[in-house]
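Peer 1: What follows is a predicted protein model with its sequence.
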Number of protein chains: 2
Amino acid sequence: MHLCYMGKKFLPLENASLPVTDLIIQRGVGVFDSIATHNRRPIRLTAHLERLERSALESGIRPPLTIEEMRSLALEGIDKMEMEYEVVIKPYITGGDSFDHSTGSFPSPRFFMIFQSVKKPFPESYQKGVSLHPIDTERIMPHAKTINYMISFTAQAEDLDSFEILYCPRGEITEASHSSFFLVRDGILVTAPLEKVLQGTTRELVMLLARENGISLEERCPSLSEIPYSQEAFLTGSIKEILPVVKIGEQNIGTGKPGPVTRKLREIYLDNIHRWLE
Amino acid sequence: MHLCYMGKKFLPLENASLPVTDLIIQRGVGVFDSIATHNRRPIRLTAHLERLERSALESGIRPPLTIEEMRSLALEGIDKMEMEYEVVIKPYITGGDSFDHSTGSFPSPRFFMIFQSVKKPFPESYQKGVSLHPIDTERIMPHAKTINYMISFTAQAEDLDSFEILYCPRGEITEASHSSFFLVRDGILVTAPLEKVLQGTTRELVMLLARENGISLEERCPSLSEIPYSQEAFLTGSIKEILPVVKIGEQNIGTGKPGPVTRKLREIYLDNIHRWLE
């Protein structure tokens, strides 16, 4: 059974609903985060909740719960889920029913937290790698994880074989719709700087592990035009971990197969994940 | 009392809610429209519902009701509202609970329609004109009226005296967050072409009335740099009708007061509105 914490109690997910007057429905005003468990313990829970708080504040929403309160509820919810599953926890903060024009803020936000079993990408995706669909657009408000994913659906419909869309404003690769993006060029990892993208929690772990393992890294936006000179690429995310990318639009990356740097990083990541369980 | 049509019945608005599993909440997947009444009869109802249908189809959502069905419900809902008010009708189509990756579409959309009393801008706004806050961003999916208005709130918070934000990608004025935009330069109306903006229903009426009354019009994006050479500007929208703009960011327009072309168009509009009541 899937659960939702809402209105001070845990409900079956299918019984949880929001008033249509909430601005998350009427005007897309809402932020969220997504946390996965490993051996039923959440990975970097506090870092995710801190990011949720930053997303809310950047959107003019004061979070109705403290990080410590959200943390306790997340742990309580995981305990209530059936034991055979890993869990994904999705806390949401909405704009609530009104916007105060005199202060530019949302005075009555709502909070809820969804608990579902994790659905990982298929094993085949890790073995063969995935393709991405590039679009010449930037993500609005890249530092906040808002709910505005509409274009990721409509653009993906243009390339049904793609795993996600890839934001490439003016040919500069920033991030994928649901993931951080890394290019591997001559053994060096290249990923967009934080000014341009969401602060990915798995992105940070990969950067740390690269440093610890002597793998060089450049923080700059990779360009679509340097794909022919690159050997590998991958996505990072809480649920997908490290997922090889073998194609962007019509361009193959390297041999068109997952490569050794991605494979090594994934092994190191899985060996180290225990360090970040809460 | 405000109403909501949902699940084949009319409810008090405060009793209407949506499951949190709907993608309009989880991922901002939803489109809507907004129709105002004049003497309790909706202005261009059919044109608005046709636009709603186009917004949905462009978003990969097949509308669950026909235009004729939505039209009947709109008229029925207006009749149920208390007589002393003009009504705003807001039909929404949501992404529903799932996205079908194999077809790039949303197989289980939901429909609801909100009925509220109209809140017009204050009379002072028409007398003195309003200011707009320009941002160097384009609206995502400009041909669809999606619910993604988040940036219009966060950007407005940067300039609390502004009435709306004005999308000005690379200095080219496209549209305001909730309205179409017209500049008046040497007696000629200038407004962005349909390739770049939402097909505003009041925008179309103003263009028709301009033609009928010998006022010239150019369909091109006005540039922020031509504001010093322009005399007037205004917004159009179903509820605000024609609203004078006297300032964009730090720049006054003309004398900084509403001008004669805007005033004349507003008079013509109010004299002709009876032609478009349904």
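Peer 2: Right, received. Where do you want to start?

Peer 1: Helix, strand or coil: sort out A:Ser55 for me.
Peer 2: helix (DSSP: H, G, I helix; E, B strand; the rest coil).

Peer 1: unless I'm mixing things up, it is touching A:Ala144, no?
Peer 2: Yes. Between A:Ser55 and A:Ala144 there is a contact under C-beta atoms under 8 Å: 4.1 Å. The C-beta positions use only the backbone N, C-alpha and C, and glycine is treated the same way.

Peer 1: near chain B, which residues of the stretch 51-200 of chain A show up?
Peer 2: Within the stretch 51-200 of chain A, the residues that sit near chain B (C-beta under 8 Å from any C-beta of the partner chain) are A:58-60, A:90, A:92, A:95, A:99, A:101-106, A:112, A:114, A:137, A:140-141, A:146-154, A:156-158, A:160.

Peer 1: Can you give me the first-to-last residue distance of stretch A:271-278?
Peer 2: End-to-end distance of stretch A:271-278 (C-alpha to C-alpha, to the nearest Å): 16 Å.

Peer 1: got a list of what the nearest residue to A:Phe32 once chain neighbours are set aside touches?
Peer 2: Ranked by C-beta to C-beta, 6 or more residues apart in numbering or on different chains and with sequence neighbours excluded, the top spatial neighbour of A:Phe32 is A:Tyr92, at 4.5 Å. Residues counted as contacts of A:Tyr92 (C-beta atoms under 8 Å, 6 or more residues apart in numbering or on different chains) are A:24, A:30-32, A:111-114, A:147, B:20, B:25-26.

Peer 1: From A:Met207, how far off is A:Leu49?
Peer 2: 21 Å (C-beta to C-beta, to the nearest Å).

Peer 1: So those two - more neighbours on which side?
Peer 2: Under the criterion of other C-beta atoms under 10 Å in any protein chain shown, the comparison of A:Leu49 against A:Met207 puts A:Leu49 first, with 24 against 19.

Peer 1: so which helix or strand takes in that one?
Peer 2: helix A:45-58 (DSSP states H and E).

Peer 1: From the contact counts, what lies against that helix?
Peer 2: Packing contacts for helix A:45-58, counted by 3 or more C-beta pairs under 8 Å, 6 or more residues apart in numbering or on different chains; DSSP states H and E, involve strand A:30-32, helix A:67-80, strand A:87-94, helix A:201-212.

Peer 1: closest one to A:Met1 among those?
Peer 2: helix A:67-80 (8.9 Å; C-beta to C-beta).

Peer 1: how far off helix A:45-58 does that closest one point, in degrees?
Peer 2: 130 degrees (axes from the mean of the first three to the mean of the last three C-alpha atoms, to 10 degrees).

Peer 1: Can you dump the C-alpha atoms of helix A:67-80 in CSV for me?
Peer 2: Coordinates of the C-alpha atoms in helix A:67-80 are reproduced here as CSV (Å, rounded to 0.1, in the frame of the first residue of the first chain):
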residue,chain,number,x,y,z
ILE,A,67,13.4,20.2,8.7
GLU,A,68,13.4,18.2,11.9
GLU,A,69,9.6,17.7,11.8
MET,A,70,9.7,16.6,8.1
ARG,A,71,12.6,14.3,9.0
SER,A,72,10.7,12.5,11.7
LEU,A,73,7.6,12.1,9.5
ALA,A,74,9.8,10.7,6.7
LEU,A,75,11.2,8.1,9.1
GLU,A,76,7.8,7.3,10.5
GLY,A,77,6.3,6.8,7.1
ILE,A,78,9.1,4.5,5.9
ASP,A,79,8.4,2.3,9.0
LYS,A,80,4.7,2.1,8.0
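
Peer 1: Sort out which residues of that helix are buried, please.
Peer 2: Buried residues in helix A:67-80, counted by 16 or more other C-beta atoms under 10 Å in any protein chain shown: A:70-71, A:73-74, A:77-78.

Peer 1: now do stretch A:180-200
Peer 2: A:180-185, A:189-192, A:196-200.

Peer 1: what does stretch A:263-278 give?
Peer 2: A:265-266, A:268-269, A:273, A:276.

Peer 1: Whichever residue of the stretch 1-150 of chain A sits closest to chain B: what's it in contact with?
Peer 2: Residue nearest to chain B within the stretch 1-150 of chain A (C-beta to the nearest C-beta): A:Gly104, separated by 2.8 Å. Shown in contact with A:Gly104 (C-beta under 8 Å, 6+ apart): A:60, B:153-154, B:156-158, B:160.

Peer 1: per-residue pLDDT, it?
Peer 2: What the model reports for A:Gly104 is a pLDDT of 91.

Peer 1: Okay, domains of chain A per the record?
Peer 2: With domains defined by automatic domain parsing, chain A comprises A:3-117, A:123-276.

Peer 1: Out of the ones you listed, the one nearest B:Gly129 is which?
Peer 2: domain A:3-117 (17.4 Å).

Peer 1: End to end on that closest one, go ahead and measure it.
Peer 2: 10 Å.

Peer 1: Please apply the same query to stretch A:144-153.
Peer 2: 19 Å.

Peer 1: Quick one: residues contacting A:Thr174.
Peer 2: A:Thr174 neighbours (C-beta under 8 Å, 6+ apart): A:138-139, A:142, A:167-168, A:181, A:192, A:196-197, A:221.

Peer 1: actually A:Val31, sorry about that
Peer 2: A:Val31 touches A:52, A:55-56, A:59, A:61, A:92-93, A:144-147, counting by C-beta under 8 Å, 6+ apart.

Peer 1: all strands of the stretch 101-250 of chain A, in order?
Peer 2: Taking DSSP state E, counting those that start in this stretch as the test, the strands found in the stretch 101-250 of chain A are A:111-117, A:130-135, A:164-167, A:180-185, A:188-191, A:217-219, A:232-237, A:241-248.

Peer 1: Can you say which of these is packed in most?
Peer 2: strand A:232-237 (a mean of 27; mean count of other C-beta atoms under 10 Å in any protein chain shown).

Peer 1: could you give the angle of that one to strand A:130-135?
Peer 2: Counting by the same axes, to 10 degrees, strand A:232-237 lies at 80 degrees to strand A:130-135.

Peer 1: Show me what strand A:232-237 is packed up against.
Peer 2: Against strand A:232-237 (3+ C-beta pairs under 8 Å, 6+ apart) you get strand A:180-185, helix A:201-212, strand A:241-248, helix A:260-272.

Peer 1: could you redo the last one with a cut-off of 10 Å?
Peer 2: Contacts defined by 3 or more C-beta pairs under 10 Å, 6 or more residues apart in numbering or on different chains; DSSP states H and E place strand A:232-237 against strand A:130-135, strand A:164-167, strand A:180-185, strand A:188-191, helix A:201-212, strand A:241-248, helix A:260-272.

Peer 1: May I have that strand exported as PDB, CA atoms only?
Peer 2: What follows is strand A:232-237 as a C-alpha-only set of coordinates in PDB (Å, rounded to 0.1, in the frame of the first residue of the first chain):
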ATOM      1  CA  GLU A 232      30.900   8.600 -22.300                       C
ATOM      2  CA  ALA A 233      28.000  10.300 -20.600                       C
ATOM      3  CA  PHE A 234      25.700   9.500 -17.600                       C
ATOM      4  CA  LEU A 235      22.800  10.800 -15.600                       C
ATOM      5  CA  THR A 236      22.700  10.900 -11.800                       C
ATOM      6  CA  GLY A 237      19.600  10.900  -9.500                       C
END
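
Peer 1: average pLDDT for that strand?
Peer 2: 98.

Peer 1: Neighbouring strands - and their directions - for it?
Peer 2: strand A:180-185 (antiparallel), strand A:241-248 (antiparallel) (DSSP bridges).

Peer 1: Distance from the longest one to the middle of the chain?
Peer 2: Which is strand A:241-248. Chain-centre distance of strand A:241-248: 15 Å, with C-alpha atoms, centre = their mean, to the nearest Å.
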